[in-house]
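In: after the sequence you'll find the predicted model.
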There are 2 protein chains.
Amino acid sequence: MIHVGIVGFGTVGTGTARILLENRTVIRERTGLDLNLKKIADLDIKRNRGLRLPKGVLTTKAGELINDPDIQIIVELVGGTTFARDIMLGALKAGKHVVTANKALLATYGGEIFRTAKKHKVDVGFEASVGGGIPIIKVLREGLVANRIQAIYGIINGTTNYILTKMTDEKAEFSEVLKEAQKLGYAEADPTYDIEGTDSAHKLSILASLAYGASYSIKDVYTEGISWISPMDIEFARELGYKLKLLAITKETDGRVELRVHPTMVPEGYLISKVDGVYNAIYVEGDAVGSTLYYGRGAGDMPTGSAVVGDIVDIAKNIACGSTGNALTGSVTVKPKNLMKMDDVISMYYFRFSALDRPGVLSKISGILGKYNISIISVIQKARQIGKAVPLVVLTHLARERDVIKALREINRLPVVAGKAVCIRVEGKETE
Amino acid sequence: MIHVGIVGFGTVGTGTARILLENRTVIRERTGLDLNLKKIADLDIKRNRGLRLPKGVLTTKAGELINDPDIQIIVELVGGTTFARDIMLGALKAGKHVVTANKALLATYGGEIFRTAKKHKVDVGFEASVGGGIPIIKVLREGLVANRIQAIYGIINGTTNYILTKMTDEKAEFSEVLKEAQKLGYAEADPTYDIEGTDSAHKLSILASLAYGASYSIKDVYTEGISWISPMDIEFARELGYKLKLLAITKETDGRVELRVHPTMVPEGYLISKVDGVYNAIYVEGDAVGSTLYYGRGAGDMPTGSAVVGDIVDIAKNIACGSTGNALTGSVTVKPKNLMKMDDVISMYYFRFSALDRPGVLSKISGILGKYNISIISVIQKARQIGKAVPLVVLTHLARERDVIKALREINRLPVVAGKAVCIRVEGKETE
């Protein structure tokens, strides 16, 4: 019998406990491992979570779990980077294996955590930190281990995908949809962490660390959120054959790694463009395997619990086989980061200018774009309102971010252009 | 250093060798494991595979690999169930771990193979047997280990998915598209194994064995192929909001397991309906994780090689940790099969009758359907050609296979009905 303790009895803690209790038999039948949920620590042990727990399981003291010699695996589901870090490091130093869903903690203190685990010869499982129930960490670390990873494109934040899906389906404004998402519990009261892309950036740094064997952190990720997205741009995207998604992107080009999270126009024919609502999907391209995609619920008590318990089983197997101490970052050789500067990134672009409807405006704008080697695939110019500002949409071929920034700065200064240009990056193969 | 031998230097053998040679460094950096491709056995060692092999690697004698004390892992890529079985059992008995892509072998002699492996405390890897490069075996065995699997729906044969996609896009006949697929190398000269659903059935029996812990074989799978599918039915499916796919389906209902492969109409809104061409996808529903989907190339030298090498790495890790002998069927407890008879299966149905265009025909047909508790969702009746046979399409609510068979038998006997009714099962939630 292998004893497990959970610190943090919130949503995911409850899901994890439920699975450990209700699926104990099915897990034992499959693996021969008998997992016993011995302790759960939380400040609030009074609230009814709709779960029948054996007596004596609940405690308010996390230290009890760390000091319990029976408990070999501790699940950290506290969240945040302060108390969670103490629990994590305390458990590792006490020789306990740790399973966590805490992407912020890993993206901030990953180096320290993995070094501590290595020193104490224990395992750290973090499947639940990215993509909820989708076993994407295992896929990258084991399933695709034979591949050089060429690119990862992920929809890895359910809140923003829900909001963008609603904005698309109902042609609604961001602020309206956000309110609705908050009512439904899909967005937090303070939604900043999700809508500004921080959550996606945390997760991306974890995926990239696995894919490229360097220790990337949140600071390495270029991040844009979705709060400035207008339904007008979603509609223009549709006209051009694209869907708007918040993508987390990492690629390796000539030894340099891009790490970026931003609203992205994705061709409607791509499978990832069909991933709607709170669902997540991660597209992974490997040199041998080619294109693959992994889809599922990115959050929630039971899906995330599924990933947590998957990790517990992996570690329990290692314990049973006497082979713990191996489930570390996925890379033995820690490589230099070799970050590509955002300035050097190459992408297709969508621009929306607010231009006065006067002869010669398009020629002026396209002239400036041409000067910076940005060539145009298509233009949409619709409402004719001589003398007034109308939207002028431009889709470009591949261009360099540095040139785009310069060109837009120059265009924004034109007297015939009102306000700042909207700029959204576009993915997909160039088609002519 | 861990030495690997490959038996069978065909398409997948070449891909596997290429990955072992070209990605040796990246695999070592990630895992600390140095994999050395020591021997490749094939009858034909003359043909140029576009690969630079170290001297002395090639041999015509598979026995050399089995008798080589250095080689710990043997990759069986011979195909078929005769010589491949000898190699497999010979290697296991010699204490070698084996990796295979051979679904036919596993679906036919799986029991014997896993018993032999267990007896000799060695591992059998078979990730490459289903879904090419998609790590679906690992997902079921490890990633979703915490879940009771409720259902699996798979597009797991690239040839038939390519044919159905082409038939859909070009409104072309089966036989035409098959010829084209053969020219392109997507279908074999004798395509029976693919187009009659046998390949999918082999793979399904492997997936179901993992999901439900029983030892299912090809004989347990109800199988229909796609050679009788007409573009007319694909077109009617489209009108009704469905795509036609060859699905491999397994579900557990009240302790009984369904295993079936047949053309299936899938709602256009479902992600799996967007999986086109030679791509594969497996939808897995677990009680904790909910809906998940895994997508990628189901065949080809490099994708399948990616899965083979993934298995090699897993086994090499076990060797390095001294924990081999565990990677067996995924279930410790082998449960009874508890098969659901096809007669008892419940599904929605699409029927196309060739009915004389006379008053009262629809009422007669719907009367018979009603008698057998089959109720109608919608009807399409188009071309009016009084006195001639025209297609009459019926989409039903959930009905029981047994009742459907009886009703169709009675309807097929009606004088106003010409020829046998076309019957295609329909998946998706009932919406009314």
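Out: Structure's in. What do you need?

In: stretch A:333-353 vs chain B: in contact?
Out: Yes - Stretch A:333-353 reaches chain B (Cβ under 8 Å from any Cβ of the partner chain) through A:333, A:335. For the C-beta atoms, the positions are set from N, CA and C on the backbone; glycine is no exception.

In: got the end-to-end distance for that stretch?
Out: 47 Å (Cα to Cα, to the nearest Å).

In: run through chain A and note the low-pLDDT ranges.
Out: In the predicted model, chain A carries pLDDT under 70 at residues A:326-331, A:430-432.

In: what residues sit buried inside the longest helix anywhere in chain A?
Out: Counting by DSSP state H, the longest helix found in chain A is helix A:301-321. For helix A:301-321, a neighbour-count test (16 or more other Cβ atoms under 10 Å in any protein chain shown) marks A:301-319 as buried.

In: before we move on, what about stretch A:85-102?
Out: A:85, A:87-92, A:94, A:96-102.

In: restrict those to contacts with chain B.
Out: Okay, of the buried residues of stretch A:85-102, nothing touches chain B (Cβ under 8 Å from any Cβ).

In: okay, and which of these map to strands?
Out: A:97-100 (DSSP state E).

In: could I get the residues you listed as TSV with distance to residue B:246?
Out: Output for these, formatted as TSV (distance: Cβ to Cβ, whole Å):
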residue	distance to residue B:246
A:97	43
A:98	44
A:99	39
A:100	41
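
In: so how many other residues sit close to the residue nearest to residue A:343 when sequence neighbours are not counted?
Out: Closest residue in space to residue A:343, ignoring its immediate chain neighbours: residue A:402 at 4.2 Å, by Cβ to Cβ, 6 or more residues apart in numbering or on different chains. Neighbour count of residue A:402, defined by other Cβ atoms under 10 Å in any protein chain shown: 15.

In: how does chain A divide into domains?
Out: Here the domain parsing of chain A from automatic domain parsing is A:2-133+A:301-321, A:136-297, A:342-426.

In: turn these into JSON lines, columns for distance to residue B:244.
Out: Below are those laid out as JSON lines (distance: least, Cβ to Cβ, whole Å):
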{"stretch": "domain A:2-133+A:301-321", "distance to residue B:244": "29"}
{"stretch": "domain A:136-297", "distance to residue B:244": "18"}
{"stretch": "domain A:342-426", "distance to residue B:244": "33"}
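
In: just to revisit the earlier point, farthest-separated two in the buried residues of stretch A:85-102?
Out: A:94 and A:101 (20.4 Å; Cβ to Cβ).

In: show me what contacts residue A:400?
Out: A:343-346, A:373 (Cβ atoms under 8 Å, 6 or more residues apart in numbering or on different chains).

In: weed out the non-buried ones from these.
Out: Here, 16+ other Cβ under 10 Å leaves residue A:345 buried among the contacts of residue A:400.

In: can you redo the contacts of residue A:400 as TSV with distance to residue B:1 and secondary structure?
Out: TSV is the format used below for the contacts of residue A:400 (distance: Cβ to Cβ, whole Å; DSSP: H, G, I helix; E, B strand; the rest coil):
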residue	distance to residue B:1	secondary structure
A:343	43	helix
A:344	39	helix
A:345	40	coil
A:346	40	strand
A:373	50	coil
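
In: circling back: please go through the buried residues of helix A:301-321 and note which also touch chain B.
Out: Checking the buried residues of helix A:301-321 against chain B (Cβ under 8 Å from any Cβ), the matches are A:302-303, A:305-307, A:309-310, A:312-314, A:317-318.

In: between those residues, which is closest to residue A:168?
Out: Looking across those and measuring by Cβ to Cβ, the closest to residue A:168 is residue A:303, at 23.6 Å.

In: the closest one is in contact with residue A:296, isn't it?
Out: Yes - assessed by Cβ atoms under 8 Å, residue A:303 is found in contact with residue A:296 at 6.6 Å.

In: common neighbours of those two, please.
Out: Joint contacts of residue A:303 and residue A:296 (Cβ under 8 Å, 6+ apart) are A:132-133, B:289-290.

In: between the residues you listed, which sits nearest residue A:261?
Out: Residue A:261 has its nearest neighbour among those in residue A:132, at 17.5 Å by Cβ to Cβ.

In: for the closest one, what are its contacts?
Out: A:158, A:280, A:296-300, A:303-304, A:307.

In: buried subset of those?
Out: A:158, A:280, A:296-300, A:303-304, A:307.

In: export those residues to TSV and tack on distance to residue A:54?
Out: As requested, the buried ones among the contacts of residue A:132 are exported to TSV (distance: Cβ to Cβ, whole Å):
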residue	distance to residue A:54
A:158	33
A:280	34
A:296	31
A:297	29
A:298	31
A:299	28
A:300	25
A:303	25
A:304	23
A:307	24
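
In: of those, which is the nearest to residue B:193?
Out: residue A:296 (31.8 Å).

In: the closest one should be in a strand, yeah?
Out: Yes - inclusion of residue A:296 in a strand is indicated when DSSP: H, G, I helix; E, B strand; the rest coil is applied.

In: OK, contacts around the closest residue to it other than its chain neighbours?
Out: Nearest residue to residue A:296 in three dimensions, chain neighbours excluded: residue B:292, at 3.7 Å (Cβ to Cβ, 6+ apart). Contact partners of residue B:292, counting by Cβ under 8 Å, 6+ apart, are A:133-134, A:294-297, B:139, B:144, B:283-286.

In: buried among those? Make that a ChimeraX selection.
Out: Per 16+ other Cβ under 10 Å, the buried members of those correspond to this ChimeraX selection:
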select /A:133,134,294,295,296,297 /B:139,144,283,284,285,286
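
In: nearest to residue A:263, of the contacts of residue B:292?
Out: residue A:295 (20.3 Å).

In: surely that closest one and residue A:281 touch.
Out: Yes - contact status for residue A:295 versus residue A:281: in contact at 4.3 Å, counting by Cβ under 8 Å.

In: where do the contact lists of these two overlap?
Out: A:134, A:275.

In: quickly check: the helix or strand where residue A:117 lies near chain B or not.
Out: Assigned by DSSP states H and E, residue A:117 belongs to helix A:103-119. No - against chain B, helix A:103-119 shows no contacts by Cβ under 8 Å from any Cβ, the least distance being 12.4 Å.

In: got the buried residues for that helix?
Out: A:103-110, A:113-114, A:116-117.

In: other residues contacting that helix?
Out: In contact with helix A:103-119 (Cβ under 8 Å, 6+ apart) are residues A:76, A:79-81, A:84-85, A:88-89, A:92-93, A:98, A:100, A:123-124, A:126, A:129-130, A:199, A:201-203, A:205-206, A:209, A:215, A:217-218, A:325, A:328-329.

In: which helix or which strand is home to residue A:154?
Out: Counting by DSSP H and E, residue A:154 is found in strand A:149-155.

In: packing partners of the following helix or strand past that strand?
Out: Next along the chain after strand A:149-155, taking DSSP H and E as the criterion, comes helix A:158-170. Packing partners of helix A:158-170 (3 or more Cβ pairs under 8 Å, 6 or more residues apart in numbering or on different chains; DSSP states H and E): helix A:174-183, helix A:192-195, helix A:231-239, strand A:242-253, strand A:279-286.

In: let's see 7 Å
Out: Applying 3 or more Cβ pairs under 7 Å, 6 or more residues apart in numbering or on different chains; DSSP states H and E, one finds that helix A:158-170 contacts helix A:174-183, helix A:192-195, helix A:231-239, strand A:242-253.

In: that one to strand A:149-155, inter-axis angle?
Out: 70 degrees (axes from the mean of the first three to the mean of the last three Cα atoms, to 10 degrees).

In: identify the residues contacting helix A:158-170?
Out: For helix A:158-170, contacts defined as Cβ atoms under 7 Å, 6 or more residues apart in numbering or on different chains pick out A:155, A:172, A:174, A:177-178, A:180-181, A:186-187, A:191, A:194-195, A:226, A:231, A:234, A:243-246, A:275-280, A:298-299.

In: check the offset of that helix from the chain's centre.
Out: Chain-centre distance of helix A:158-170: 16 Å, with Cα atoms, centre = their mean, to the nearest Å.
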